[in-house]
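>>> only geometry, no sequence info:
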């Protein structure tokens, strides 16, 4: 699976580079590319990126990041190669809850709020649904990760 993702990213990079060579005098757009190899799980920072010219037509048809705005602060899901365009599917949001981490779970119904602690069985980012194990009962529960790092369980 990783090899396929890596190959797809590499193919997209070569296709854009080839299009850039063919375009010659065509209108150019600068897109962010890694300065050096960025490995899976690594947080992408501003200093790790540089801009490279590609034909506007090639960039518009590809699923790559056209600017740094949505890229900085994300985490690489696969190896990102130097000077190669970064595909939209090659990055993810950083995990807020990590596997095995004790996490505060919140149940809310009207004015009733119950707080508890459970151990996460999955890592996840804000808005994702994950499974947790209640330490007292051993029951597995599911909830949605909130912006403050808590997990909301129960009815919506």
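Done, it's in. Everything numeric here is computed off the predicted structure, so don't read it as measured data.
>>> Endpoint to endpoint, stretch 35-49 covers what distance?
For stretch 35-49, the first-to-last residue distance is 5 Å (Cα to Cα, to the nearest Å).
>>> Identify each buried residue in that stretch, please.
By neighbour count on 16 or more other Cβ atoms under 10 Å, the buried set for stretch 35-49 is 38, 44, 48-49. No exception for glycine: its C-beta is placed from N, CA and C like everyone else's.
>>> Throw those residues into JSON lines and include pLDDT, thanks.
Below are the buried residues of stretch 35-49 laid out as JSON lines (pLDDT from 0 to 100):
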{"residue": "38", "pLDDT": "96"}
{"residue": "44", "pLDDT": "95"}
{"residue": "48", "pLDDT": "94"}
{"residue": "49", "pLDDT": "94"}
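>>> Dump those residues to CSV, plus secondary structure and distance to residue 125.
Formatted as CSV, those follow (DSSP: H, G, I helix; E, B strand; the rest coil; distance: Cβ to Cβ, whole Å):
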residue, secondary structure, distance to residue 125
38, strand, 18
44, coil, 14
48, helix, 20
49, strand, 21
